[in-house]
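Student: quick one, fold the following:
(one chain, ligands or ions: 1)
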Amino acid sequence: MDYKEVKELDEKYYFNTFGSRLPVSFEYGEGCTLYDSQGKKYTDFVAGIAVNTLGYNHPALVEAITSQSEKLLHCSNLFYIKAQAQLAKLLVENSCGDKVFLCNSGAEANEGAIKLARKYFYSKNLYKYEIITTLNSFHGRTMATLAATGQEKYQKPFEPLPTGFVHVPFNDIEAVENAISYKTCAVMVEPIQGEGGVIPATAEYMQALRKLCDDRGILLIFDEVQTGIGRTGKLFGYEQYGIEPDIFTLAKGLGGGIPIGAIVAKAFVASAMEPGDHGTTFGGNPLACTAALAVLSTILEEGILETVKDKGEYFTDQLIKLKNKFSFIKEVRGKGLMLGMELDEEVSGKEIVLDMLNRGFIINCAGNNTLRFVPPLIIQKDHIDDLVENLEKSFSRESYDA
Ligand SMILES: Cc1ncc(COP(=O)(O)O)c(C=O)c1O
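Tutor: The predicted structure is shown next:
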């Protein structure tokens, strides 16, 4: 079946929430390369939007899920689950957290983090429920995470949204300070705004946030759904700032392609969740946990974090060279293998994405007309060189001349 036949079925039977998708349908992948139904090759700099951490067909991940699928796919949380307990241990041993709850997606992890922050104060007989989040943030599509998301375009059609969220400008500590009231229970931020256009929080902001939350007795939550699992060159994004959140959430890269999310919390917060407060049917199932164990162990044991830092710096340098050649490139930013290149409005990022697809490269356009690069963490410098060479060709097309 080629992509046109898939498109026809999709248009007839699937909700039209993704609009006009990119004109390709992939059959299989190997390493950092995807192959479409015609056998054409694409080097992947999107990784399923920061999901395929180990690329495609990684032997450790394939072996782990193949053998687990022969033994036990699912069993209820009514029972003790070996891979779940082992994954929680591995996450705790390698983070600032003490306890873990596993779920199925980023939105679900954030939903749980919101509940946890509220329950923490409820258990102290304090009626604090409001969460301060930032403008241009993205926290998910469920009703509460949509309310947390600081982008009106996603929210408008679904009002009234759950109350209890206040939005302030990003990287503005004074705005957070002014928004804190007797109702505030937490501040929630992404260490790097991803969907919003790859905008990093500054170190001063993050450190001031930690101090402010401590001084005012409120919780600090990091949404690490996109920045977690080695993406920035550290296992978790918060490590870049020398501070620790009270709660952080994970999803995307954790399962390397198998859906799984996590809430990780300090013991003093996690203990607020009591039997019956939260639950899930699928969350923490043996298959997903086995996949996440394989992803995490591979990252930790094969020195991948160091390579992310090195490749990220190399990639950034190459993108800056392009910026020096093309005046329509406004800014190159990001950390590790989560990089963005913001373009002037006169050049359509979406058209560049299409042109690059024709050239055999998968990139994506996030907020603020920003080309986003979040490749598998196993990407090689050769791939980066090829991408940059082709970006240069794409930028040099007549209509985009600087
Ligand atoms: C920072 C952040 N939080 C939450 C989400 C929602 O994750 P999911 O789509 O798995 O629900 C995303 C997805 O892009 C994200 O980037």
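
Student: helices of the chain, residue ranges please.
Tutor: In the chain, the segments counted as helices under DSSP state H are 3-13, 47-50, 59-71, 82-93, 106-122, 143-148, 152-155, 173-179, 203-216, 267-270, 286-301, 304-325, 349-358, 381-396.

Student: contacts for the fifth one next, please.
Tutor: It refers to helix 106-122. Residues outside helix 106-122 that contact it (C-beta atoms under 8 Å, 6 or more residues apart in numbering): 101, 103, 127-129, 131, 139-142, 144-145, 148, 164, 185-186, 188, 219, 221, 223, 225-226, 247-252, 261-263, 265, 269-270, 272-273, 277-278, 280, 283. All C-beta atoms are positioned from the backbone trio N, CA, C, and that covers glycine.

Student: repeat that with 7 Å
Tutor: The contact list for helix 106-122 (C-beta atoms under 7 Å, 6 or more residues apart in numbering) reads 101, 103, 128-129, 131, 139-142, 144-145, 148, 185-186, 219, 221, 223, 225, 247, 249-252, 261-263, 265, 269, 272-273, 277-278.

Student: with just CA atoms, put that helix into PDB.
Tutor: The C-alpha atoms that make up helix 106-122 are tabulated as PDB, following Å, rounded to 0.1, in the frame of the first residue of the first chain:
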ATOM      1  CA  GLY A 106       3.100  12.900  28.700                       C
ATOM      2  CA  ALA A 107      -0.400  14.400  29.300                       C
ATOM      3  CA  GLU A 108      -1.300  11.600  31.700                       C
ATOM      4  CA  ALA A 109       2.000  12.100  33.600                       C
ATOM      5  CA  ASN A 110       1.300  15.900  33.900                       C
ATOM      6  CA  GLU A 111      -2.300  15.200  34.900                       C
ATOM      7  CA  GLY A 112      -1.000  13.000  37.700                       C
ATOM      8  CA  ALA A 113       1.600  15.600  38.800                       C
ATOM      9  CA  ILE A 114      -1.200  18.200  39.000                       C
ATOM     10  CA  LYS A 115      -3.200  15.900  41.200                       C
ATOM     11  CA  LEU A 116      -0.200  15.100  43.300                       C
ATOM     12  CA  ALA A 117       0.500  18.800  44.000                       C
ATOM     13  CA  ARG A 118      -3.100  19.400  45.000                       C
ATOM     14  CA  LYS A 119      -3.200  16.300  47.100                       C
ATOM     15  CA  TYR A 120       0.000  17.300  48.900                       C
ATOM     16  CA  PHE A 121      -1.600  20.500  50.300                       C
ATOM     17  CA  TYR A 122      -5.000  18.800  50.800                       C
END
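
Student: can you list the buried residues in that helix?
Tutor: Going by neighbour count (16 or more other C-beta atoms under 10 Å), the buried part of helix 106-122 is 106-122.

Student: ok, and which of the residues you listed reach the ligand?
Tutor: Contacts with the ligand within the buried residues of helix 106-122, as defined by C-beta under 6 Å from any ligand atom: 106-107, 110.

Student: could you check the pLDDT of the residue in the stretch 1-150 of the chain positioned nearest to the ligand?
Tutor: The stretch 1-150 of the chain approaches the ligand most closely through G106 (2.3 Å), counting by C-beta to the nearest ligand atom. pLDDT recorded at G106 is 98.

Student: got the residues of the stretch 51-200 of the chain near the ligand?
Tutor: By the rule C-beta under 6 Å from any ligand atom, the part of the stretch 51-200 of the chain lying against the ligand is 105-107, 110, 138-140, 190, 194-195.

Student: what about 5 Å?
Tutor: Contacts of the stretch 51-200 of the chain with the ligand, taken as C-beta under 5 Å from any ligand atom, map to 105-107, 139-140, 190, 194.

Student: which one (most neighbours) among those residues?
Tutor: Counting neighbours by other C-beta atoms under 10 Å, the top entry in these is H139, with 33 neighbours.

Student: domain ranges for the chain?
Tutor: Using automatic domain parsing, the domain parsing of the chain gives 3-58+303-400, 72-301.

Student: out of these, deepest packed?
Tutor: Ranked by mean neighbour count, the domains of the chain are led by domain 72-301 with a mean of 20 (mean count of other C-beta atoms under 10 Å).

Student: measure that one end to end?
Tutor: Distance between the two ends of domain 72-301: 26 Å, counting by C-alpha to C-alpha, to the nearest Å.

Student: now do it: distance to the chain's middle.
Tutor: Centroid separation for domain 72-301 versus its chain: 11 Å, with C-alpha atoms, centre = their mean, to the nearest Å.

Student: which single residue in the stretch 151-300 of the chain comes nearest to the ligand?
Tutor: Nearest to the ligand, among the residues of the stretch 151-300 of the chain, is V225, at 3.5 Å (C-beta to the nearest ligand atom).

Student: in contact with that residue, which residues?
Tutor: Taking C-beta under 7 Å, 6+ apart, we find V225 in contact with 106, 109, 249-252.

Student: make it 10 Å
Tutor: Shown in contact with V225 (C-beta atoms under 10 Å, 6 or more residues apart in numbering): 50, 105-107, 109-110, 138-140, 145, 190, 194, 248-254, 261-262.

Student: re earlier: I'd like the domains of the chain as TSV, with distance to I65 appended.
Tutor: Listed next are the domains of the chain as TSV, based on distance: least, C-beta to C-beta, whole Å:
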stretch	distance to I65
domain 3-58+303-400	10
domain 72-301	5
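
Student: between these, which one is nearest to A64?
Tutor: Of all the domains of the chain, it is domain 72-301 that lies closest to A64, at 3.7 Å by C-beta to C-beta.

Student: pLDDT weak spots in this protein?
Tutor: Where the chain drops to pLDDT under 70, the residues are 398-402.

Student: give me that answer again for 90
Tutor: For the chain, the stretches flagged by pLDDT under 90 are 1-2, 19-20, 37, 397-402.

Student: now distance to V6 too, for the residues of the stretch 51-200 of the chain next to the ligand, in JSON lines please.
Tutor: JSON lines is the format used below for those (distance: C-beta to C-beta, whole Å):
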{"residue": "S105", "distance to V6": "24"}
{"residue": "G106", "distance to V6": "26"}
{"residue": "A107", "distance to V6": "26"}
{"residue": "H139", "distance to V6": "31"}
{"residue": "G140", "distance to V6": "27"}
{"residue": "E190", "distance to V6": "33"}
{"residue": "G194", "distance to V6": "27"}
